[in-house]
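# sharing a sequence plus its predicted fold:
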Amino acid sequence: MTMLNFAIETAVEAGKLLLDKAGRKLDVSKKGDINLVTEADIASEKLIIERIKSYYPKHTILAEESGESAISDGDKLWKWIIDPLDGTTNFAHGYPCFAVTIALEYNGEIVIGVTYDPTRDEIFAAEKGSGATLNGKRISVSSTEKLADALIVTGFPYDFVKRDGIVENLLKLLFKARGVRRDGSAAIDMAYVACGRFDGFWEEGLNPWDVAAGFLLIKEAGGRVTHYDGSPFSIYKSPILATNGIIHEEMMQILNESKPQIPKSKAETRI
Ligand code: IPD
Ligand code: CA
Ligand code: CA
């Protein structure tokens, strides 16, 4: 089995486990004021880690709920980066927008990225240099040319109260784009940029496991991923700006403006 197929099979198995638990009464605990962890997060992560350990016992694993595995004699060149349930708040409320997302890093570069949405049975997959697919069919980013014609998406970190600028950035972009969404799963947001359903995505405070697969999906689908200042994207740093490439500069400029320029009426922005 290729590593890509291994990642796909693993994500699908974990996704089916999530679907099986969805809508049932589950143990839920809190990692922070509004940051939940359910027994589904834990069970999905266990399944994924067990599969990796049995197929690739020496590889390093970075998983949201368990941190980085300390495999002292292991091959640190290979690292699996896992979010076993992206969209936990949605999942816990029965809002059907959540995913399993798995990436493989080789020598510091993401070489495989898979995001599986079990609700819609959609497998987004990419391998470095080979393009990105949705259920096996090649995908590409949108060709939307202007922010005024764009549907964009964002998310808010759990510690948003401690951060400046989040609401300002939202306001600035809300006044310039055709529409702004907040769906609650960064992995799905990014997969949707890769297949052209969204034209752009921005968020700060994300972790490597939220963005690793999406980063490769978007790059392989022809899009662009950077930090807000346009510097090359590292999954270990925040914030993220991911677009179809065409509206990137426009979004970057707005994110770097200091204050929201709120027009008197939204219609004014279109003139
Ligand atoms: C969260 C989701 C959400 C994003 C948060 C993430 P989780 O991940 O991706 O869309 O806005 O910043 O932490 O906690 O559901 O795995
Ligand atoms: Ca996540
Ligand atoms: Ca998660």
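Ah, there it is. Note that the coordinates shown come from a computational prediction; the quantities given were computed from them, not determined experimentally. Ligands and ions are numbered 1, 2, ... in the order given.
# in stretch 175-188, which residues are buried?
For stretch 175-188, burial by neighbour count (16 or more other Cβ atoms under 10 Å) applies to 175, 176, 177, 180, 181, 183, 184, 185, 186, 187, 188. Where C-beta positions appear, they are placed from N, C-alpha and C, glycine not excepted.
# and that stretch with ligand 1, contact?
Yes: residues of stretch 175-188 are located near ligand 1 by Cβ under 6 Å from any ligand atom, namely 184, 185, 186.
# who's in contact with the closest residue to the last one other than its chain neighbours?
Put plainly, it is residue 186. Distances taken as Cβ to Cβ, 6 or more residues apart in numbering place residue 210 nearest to residue 186, at 4.4 Å, with adjacent residues excluded. With contact set as Cβ atoms under 8 Å, 6 or more residues apart in numbering, residue 210 has these partners: 83, 86, 101, 186, 187.
# any idea what the second one is bridged to?
Right, residue 86. Taking DSSP bridges, one obtains residue 99 as the residues bridged to residue 86.
# now do the contacts for it.
98, 99, 100, 101, 115, 185, 186, 187, 188, 209, 210.
# do the fourth one as well
For residue 186, the contacting residues are 86, 155, 201, 203, 206, 210, 211, 214, by Cβ under 8 Å, 6+ apart.
# go with 10 Å
83, 86-87, 99, 101, 115, 153-155, 157, 201, 203, 206-207, 209-211, 214, 240, 242 (Cβ atoms under 10 Å, 6 or more residues apart in numbering).
# secondary structure element for the residue in the stretch 101-250 of the chain positioned nearest to ligand 2, which one?
Residue of the stretch 101-250 of the chain nearest ligand 2, by Cβ to the ion: residue 210 (4.2 Å). Following DSSP states H and E, one finds residue 210 within helix 208-220.
# near ligand 1 at all, that helix?
Yes: for helix 208-220, a contact with ligand 1 is found by Cβ under 6 Å from any ligand atom, at residue 210.
# tell me what the very next helix or strand once past that helix is packed against?
With elements assigned by DSSP H and E, the helix or strand that comes after helix 208-220 is strand 224-226. Contact partners of strand 224-226 among helices and strands, from 3 or more Cβ pairs under 10 Å, 6 or more residues apart in numbering; DSSP states H and E: helix 186-194, helix 208-220, strand 240-243, helix 248-256.
# buried set for the longest one?
Going by neighbour count (16+ other Cβ under 10 Å), the buried part of helix 208-220 is 208-220.
# can you name the residue of the stretch 101-250 of the chain nearest ligand 3?
residue 209 (7.0 Å).
# the helix or strand of the chain with the lowest mean pLDDT - which strands sit beside it in the sheet, and in what orientation?
Least confident helix or strand of the chain, by mean pLDDT, DSSP states H and E, is strand 67-68 with a mean of 78. Its sheet considered, strand 67-68 pairs with strand 59-63 (antiparallel) by DSSP bridges.
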